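Undergrad: Dropping a prediction and its sequence here:
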Amino acid sequence: MTLDPRIAAVTDRVITRSRTGRAAYLDLIARERDTGVDRPNLSCGNLAHGFAAAGDDKPAIRGGKAMNIGIVTAYNDMLSAHQPYGGYPDRMKLWAREIGATAQVAGGVPAMCDGVTQGQRGMELSLFSRDTIAMSTAVALSHGMFEGTALLGICDKIVPGLLIGALRFGHLPAILIPAGPMPSGLANKEKVRVRQLYAEGKVGREELLEAEAASYHGAGTCTFYGTANSNQMMMEVMGLHMPGAAFVNPGTKLRQELTRAAVHRLAAIGWDGADYRPLGACVDEKAIVNAVVGLLATGGSTNHAIHIPAIARAAGIKIDWADIDALSAAVPLVARVYPNGSGDVNAFQAAGGMGFTIRTLLDAGLLHADILTVAGDDLGAYAREPAMAGDTLVWNDGPTDTRDAGMLRPVADAFAPDGGMRLLQGNLGRAVIKTSAVDPARWTIEAPAAVFSDQDQVLTAFKAGQLERDVVVVVRFQGPRANGMPELHKLTPALGVLQDKGFRVALVTDGRMSGASGKVPAAIHVCPEALGGGALGLLRDGDIVRVCAVTGALTTSADLSGRMPAEAPPAAIGTGRELFAFMRHGSDDAEAGASAMLAAAGL
């Protein structure tokens with residue numbers, strides 16, 4: 001199928017804008033491959049340190065003839081999605097030996113759970129944990145002991161962080177290895193119902209905890225389609241997984257064999273072989289556009305409006321919200337996964353999953369087929385489904401028809417004609433809005449503003465009945481420079497209650513909302529942020545604010561000229577937040593990726 005001209009036009013724009021940076025990046029990784037730090041160039045003392053504890057693998061690592069895979073792991077057993085990784089390294093070492101290679105754990109990276117920190121102080125560390133993970137990945141790979149890397153991570157900031165760090169070692173081949181979603185528990189719609197009842201004071205803490213525990217009940221990724229599962233989708237459409245690896249449950253034979261296949265494939269695409277596939281060559285402008293297309297087609301997380309530009313910058317590529325908006329106009333919504341529908345990612349997988357999704361998008365000319373993937377020379381390999389034939393892993397052609405039209409549809413019969421992630425702009429700045437879960441009757445909200453400086457103030461006003469009206473709730477001083485840009489998902493039940501009572505409600509913030517945010521229209525990631533001189537700092541209670549996803553407007557009718565900016569809250573300390581002050585002070589805008597690290601590096 002010929003590429004859709006609208007996708008081609010955005011891709012060409014990204015290529016042109018990125019020409020200088022991409023050339024510099026490709027030159028960097030070529031130099032690193034030829035003259036960088038690697039095992040043959042290590043001194044005897046360096047090398048001896050590197051294999052001192054390698055046991056039976058010592059001779060192979062010492063001899064330098066076999067590929068040595070560096071495992072970078074985000075394992076911890078508090079985070080359900082990453083708990084399965086505990087046993088991966090030992091098994092991966094065995095699988096490496098099967099094909100004459102070796103593997104070592106190069107390093108660990110932090111993996112915080114936004115589900116645990118949501119609405120808490122720790123959430124102010126969340127976004128900057130991505131840069132910490134990227135730097136930790138760089139530390140792990142800096143030893144020069146490895147000819148390829150296996151990246152073990154799934155959740156919100158972890159996959160972007162691993163990928164950003166690994167891209168600075170883009171001469172190495174790399175495969176991201178997921179662990180899969182937990183089996184389905186309490187239906188997400190029921191969980192939300194109980195949350196709203198709790199917000200109204202109609203059920204107690206014990207009933208709420210029981211509902212949450214029935215939803216988040218075991219090892220694996222949370223099953224709603226938030227940032228973690230959007231990560232897995234993106235790695236598939238970018239060709240950085242083994243095909244079909246995203247949504248296979250933990251603890252299954254198929255899950256194990258996909259990881260085994262990833263280890264074997266890493267050895268096959270190493271730099272000494274005939275099929276060398278460096279990460280930096282795989283992640284090009286077309287792969288980045290594919291990531292956006294996949295995000296839009298499946299109604300994925302708004303957090304990736306920040307992460308995709310950051311990942312792209314690490315590879316010398318520049319993409320912005322206008323590009324995402326243009327792609328959204330071209331890409332129809334083919335999946336309805338909770339919170340955009342009733343079924344979770346397990347239901348999505350059963351309906352045809354990534355194999356069907358990639359096939360229908362390729363057939364419609366909406367994805368770049370001609371990208372270099374870890375599995376093949378084009379994306380067609382990802383329109384297949386993995387399966388076990390006895391004890392053997394095989395890939396079969398993916399379904400040509402959906403198995404559940406309420407969950408997953410072909411492009412020709414899409415749920416909506418566009419991807420539902422739009423750019424808003426006006427005299428209040430630039431922002432992102434996700435419409436795929438919002439009733440079209442609520443795509444335009446114009447109402448008096450109620451202005452707050454933190455989410456707890458909003459909840460206090462809600463409980464006091466002060467928001468029982470048509471209202472645009474403005475929560476400012478939530479940007480990366482102010483407090484690390486926390487997610488404000490804690491507001492979702494309260495705002496949902498107001499909307500269900502018939503009020504016209506919207507949220508405007510320079511902070512983030514969770515990838516699980518749903519039915520309340522929200523203009524998020526507003527930049528410039530209030531602390532950086534943005535217009536949100538000039539708003540006052542009662543100013544009329546218009547949020548319109550139809551026309552792309554984010555405006556106020558108030559005359560802001562001559563107003564003095566509101567005073568920002570003092571920088572918070574405690575829970576380690578003070579340690580991240582340098583990241584807050586140096587961060588750039590959300591549209592650029594909200595990264596002090598990338599800004600300081602001049603990327």
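TA: Looks like it arrived, so ask away.

Undergrad: how close does A416 sit to P440?
TA: Going from A416 to P440 by Cβ to Cβ, to the nearest Å gives 9 Å. (Glycine included, C-beta is placed from N, CA and C.)

Undergrad: Neighbours of P183, how many?
TA: 15 (other Cβ atoms under 10 Å).

Undergrad: Leaving out the residues flanking it, which one is nearest to it?
TA: Leaving aside its chain neighbours, P183 sits nearest to N249 (6.0 Å; criterion: Cβ to Cβ, 6 or more residues apart in numbering).

Undergrad: Phi and psi next, for the one you found.
TA: When quoted as degrees, to the nearest 10, the phi and psi of N249 stand at phi -60, psi 150.

Undergrad: what's the neighbour count on it?
TA: 21.

Undergrad: quick one: it and Y338, what's the gap?
TA: For N249, the distance to Y338 - Cβ to Cβ - is 17 Å.

Undergrad: sorry, back to before: ok, A416 and P440, which is more surrounded?
TA: Between A416 and P440, counted using other Cβ under 10 Å, the more crowded position is A416 (16 against 10).

Undergrad: so what's that one bridging to?
TA: L333 (DSSP bridges).

Undergrad: longest strand anywhere in this structure?
TA: Assignment by DSSP state E gives strand 444-452 as the longest strand of the chain.

Undergrad: now that one: mean pLDDT?
TA: Across strand 444-452, the average pLDDT comes to 98.

Undergrad: tell me which residues of that strand are tucked away?
TA: Buried residues in strand 444-452, counted by 16 or more other Cβ atoms under 10 Å: T444, I445, E446, A447, A449, A450, V451, F452.

Undergrad: Next SSE downstream of that strand?
TA: Proceeding C-terminally, strand 444-452 gives way to helix 455-463 as the next helix or strand, assigned by DSSP states H and E.

Undergrad: Direction-wise, compare that next one with strand 444-452 and give the angle.
TA: 110 degrees (axes from the mean of the first three to the mean of the last three Cα atoms, to 10 degrees).

Undergrad: How about helix 455-463, which residues are buried there?
TA: Buried residues in helix 455-463, defined by neighbour count with 16+ other Cβ under 10 Å: Q455, V458, L459, A461, F462.

Undergrad: Confidence-wise, which of those comes last?
TA: Ranking the buried residues of helix 455-463 by pLDDT, Q455 lands last with 92.

Undergrad: ok, R584 - contacts?
TA: Residues near R584 by Cβ atoms under 8 Å, 6 or more residues apart in numbering: F128, P480, R481, A482, N483, G484, A571, A596.

Undergrad: again with R384
TA: By Cβ under 8 Å, 6+ apart, R384 lies in contact with P243, G244, G355, W395, N396, D397, G398.

Undergrad: Look up how far T373 lies from it.
TA: For R384, the distance to T373 - Cβ to Cβ - is 12 Å.

Undergrad: and what of F146?
TA: Here F146 is placed at a distance of 21 Å from T373 (Cβ to Cβ).

Undergrad: what's the answer for G70, then?
TA: G70 sits 21 Å away from T373, going by Cβ to Cβ.

Undergrad: Between these two, which has more neighbouring residues?
TA: G70 (26 against 23).
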